[in-house]
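Chemist: no FASTA, just this:
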């Protein structure tokens, strides 16, 4: 009897020992999860390579977290201080957290700086220099000016320069028709590709205005020699536009109201189509540079205060630029108080909080409205329409805000603008001398002709012989339309009345 009791007790001890060993083995098999304060990442306390619960398949996570209910220990200096069991929902929540520490972001940051996205040159060297190399992917740039000063013409020339390099341009034209935009480009090319005649004679005698192009008018019908030259200039412009600009320029003309959701959906559709085409051709694809003309015409999604609506629109455009890793250009009007004062942040105040949301904020002034000259005695009665009526006119482009670089300071980027031919070219301020002519303004003469601006890829179309240029002729511009486009009379671009 005693032997049976001893055997029974021994078997119970063995069974108890086996249970303890099994339990101990089970505990070793279940790796406890802890959150380390160094990485903010769920890790296991056991040994081995795969010691992160997040790396386990869902079925194993279920087995570990539900069957065994591993208790989380209290970790000092950590946000986590609970001892409840970790569950699948906890793991899924941590996987979906949108916020990560900078330590977790560093590997991505190192990859990004080793392979940075390239800046997009605009074809305006001085502007590119201030912008750090051109338009930056993920940025929103706003260019503003008073009506009819040339802001749309400038930006169309800028995106045409980019299109020449092979980058797609997507234009949301809320004000001008496709026909008008194409005519502007043709007109500019008839002048920019034949600057030799301008430097020799002081005019663009054979260049054509957008109005002449749209209405198929030829200026020199009574002189066959001049007419042949005029037709050759037009043929050169047409060929270059068709080969180098048109294949990469796309214009959206909304038939109704255009709000941000419309812009975003059209951009997504465009990117899907073009990326598929690029994939079929085995070519890399970059999202298009987007141009919106202009900000104040974008419709609100619902009835809102104008200032609030424009601020939300710019923030939404910033998100679109970041997600698509492209640059967005937006043309903006100014408040009426900004029509007769030097360009500044205050000029955009009624246009919403855009100065806080954008990466680059730029604005054009007639050169006479530069702050240092504008504040001198006699300028209080200056009529800005005098500066806007001249052809060519000298404008200063001021970079008021540059989130990651320099601004233009007190002296802007000087541009010579020929409104009759929709043509801008940067000039060095040292190339002309400012002379006070009137109490309401002053004039200047170029001491030497500026270097002609070429397309950003350096291409230039073969032209007719410009050695023999007819004597200067032409009439003053008596009326303007849009961005200074001549309507009734034509000025061929002499430098005799540049106001300062």
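Modeler: Ah, there it is. Computed from a predicted structure; not experimentally measured. Numbers count the residues shown, from 1 in each chain.

Chemist: okay, and for the stretch 51-200 of the chain, where does confidence drop off?
Modeler: For the stretch 51-200 of the chain, the stretches with pLDDT under 70 are 51-99.

Chemist: Please, where are all the strands along it?
Modeler: Along the stretch 51-200 of the chain, counting by DSSP state E, counting those that start in this stretch, strands occupy 140-144, 169-173.

Chemist: What of the stretch 251-400 of the chain?
Modeler: Counting by DSSP E, counting those that start in this stretch, the strands of the stretch 251-400 of the chain are 289-293, 328-332, 360-366, 393-402.

Chemist: Those strands: which one's closest to residue 413?
Modeler: Residue 413 lies closest, by C-beta to C-beta, to one member of the strands of the stretch 251-400 of the chain: strand 393-402, at 4.4 Å. To be clear about C-beta, it is placed using only N, CA and C from the backbone, and glycine gets the same treatment.

Chemist: what's the helix or strand just after the closest one packed up against?
Modeler: Heading C-terminal from strand 393-402, the first helix or strand you meet, by DSSP states H and E, is strand 413-418. If you count contacts as 3 or more C-beta pairs under 8 Å, 6 or more residues apart in numbering; DSSP states H and E, strand 413-418 packs onto helix 125-130, helix 151-164, strand 393-402, strand 423-426.

Chemist: and residue 219, which of those is closest to it?
Modeler: strand 423-426 (16.8 Å).

Chemist: List the neighbours of the closest one that are in contact with it.
Modeler: 124-127, 150, 153-154, 157, 187-188, 191-192, 413-418, 450, 452-453 (C-beta atoms under 8 Å, 6 or more residues apart in numbering).

Chemist: which of the residues you listed are buried?
Modeler: 124, 126-127, 150, 153-154, 157, 187-188, 191-192, 413-418, 450, 453 (16 or more other C-beta atoms under 10 Å).

Chemist: Run a quick neighbour tally on residue 267.
Modeler: 21 (other C-beta atoms under 10 Å).

Chemist: ditto for the one 5 residues further on
Modeler: Residue 272 sits with 10 neighbouring residues when counted by other C-beta under 10 Å.

Chemist: Likewise for residue 123?
Modeler: Around residue 123 there are 22 residues (other C-beta under 10 Å).

Chemist: Surely it and residue 159 touch.
Modeler: No: contact criterion C-beta atoms under 8 Å: residue 123 and residue 159 do not qualify, at 9.4 Å.

Chemist: dump the residue contacts of the residue nearest to residue 397 when sequence neighbours are not counted.
Modeler: In space, and not counting its chain neighbours, residue 397 is closest to residue 413: 4.4 Å by C-beta to C-beta, 6 or more residues apart in numbering. With C-beta under 8 Å, 6+ apart as the criterion, the residues that contact residue 413 are 124, 126, 127, 130, 396, 397, 398, 399, 426.

Chemist: ok, now residue 346?
Modeler: 335, 337, 338 are the contacts of residue 346 under C-beta under 8 Å, 6+ apart.

Chemist: what number of residues lie near the second one?
Modeler: For residue 337, the count of nearby residues is 11 (other C-beta under 10 Å).

Chemist: For the stretch 101-250 of the chain, just list every one of the helices.
Modeler: 102-114, 125-130, 151-164, 178-192, 195-201, 210-214, 224-240 (DSSP state H, counting those that start in this stretch).

Chemist: Quick check: which helices or strands does the third one pack against?
Modeler: Where contact means 3+ C-beta pairs under 8 Å, 6+ apart, helix 151-164 is packed against strand 140-144, strand 169-173, helix 178-192, strand 249-252, strand 289-293, strand 328-332, strand 413-418, strand 423-426.

Chemist: any idea which of the helices of the stretch 101-250 of the chain is most buried?
Modeler: Sort these by mean neighbour count, taking mean count of other C-beta atoms under 10 Å, and helix 151-164 sits at the top with a mean of 24.

Chemist: Next, the angle strand 169-173 makes with it.
Modeler: Relative orientation of helix 151-164 versus strand 169-173 (axes from the mean of the first three to the mean of the last three C-alpha atoms, to 10 degrees): 160 degrees.

Chemist: Including distance to residue 366, could the contacts of residue 413 go into CSV?
Modeler: As requested, those are exported to CSV (distance: C-beta to C-beta, whole Å):
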residue, distance to residue 366
124, 18
126, 18
127, 18
130, 20
396, 8
397, 11
398, 12
399, 17
426, 16
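
Chemist: which one of those residues sits closest to residue 306?
Modeler: Closest to residue 306, out of all of the contacts of residue 413 and judged by C-beta to C-beta, is residue 398, at 24.5 Å.

Chemist: circling back: mind putting the strands of the stretch 51-200 of the chain into JSON lines with distance to residue 197 and mean neighbour count?
Modeler: Formatted as JSON lines, the strands of the stretch 51-200 of the chain follow (distance: least, C-beta to C-beta, whole Å; neighbours: other C-beta atoms under 10 Å):
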{"stretch": "strand 140-144", "distance to residue 197": "30", "mean neighbour count": "25"}
{"stretch": "strand 169-173", "distance to residue 197": "29", "mean neighbour count": "22"}
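
Chemist: Please identify the one among the contacts of residue 413 that lies nearest to residue 140.
Modeler: Looking across these and measuring by C-beta to C-beta, the closest to residue 140 is residue 399, at 14.1 Å.

Chemist: residues near residue 426, how many?
Modeler: Neighbour number of residue 426 under other C-beta under 10 Å is 17.

Chemist: before we move on, the earlier item: just the strands of the stretch 251-400 of the chain: most buried one?
Modeler: Using mean count of other C-beta under 10 Å, strand 360-366 ranks as the most buried of those, with a mean of 26.

Chemist: strands paired with it, and their directions?
Modeler: According to DSSP bridges, strand 360-366 forms sheet pairs with strand 140-144 (parallel), strand 393-402 (antiparallel).

Chemist: Switch those over to a markdown table; also include distance to residue 224.
Modeler: Output for those, formatted as a markdown table (distance: least, C-beta to C-beta, whole Å):
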| stretch | distance to residue 224 |
| --- | --- |
| strand 140-144 | 43 |
| strand 393-402 | 34 |
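
Chemist: Can you tell me, leaving aside adjacent residues, what's nearest to residue 357?
Modeler: Nearest to residue 357 is residue 314, by C-beta to C-beta, 6+ apart, at 4.2 Å.

Chemist: Please tell me how far residue 404 sits from residue 360.
Modeler: 9 Å (C-beta to C-beta, to the nearest Å).

Chemist: partner residues bridging the residue lying closest to residue 175 once chain neighbours are set aside?
Modeler: Leaving out its chain neighbours, the residue that sits closest to residue 175 by C-beta to C-beta, 6+ apart is residue 293, at 5.6 Å. Note on residue 293: beta-bridge partners residue 173, residue 331, judged by DSSP bridges.

Chemist: quick revisit: okay, the strands of the stretch 251-400 of the chain in TSV with distance to residue 299 next?
Modeler: Supplementary listing: these in TSV, determined by distance: least, C-beta to C-beta, whole Å:
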stretch	distance to residue 299
strand 289-293	12
strand 328-332	15
strand 360-366	23
strand 393-402	26
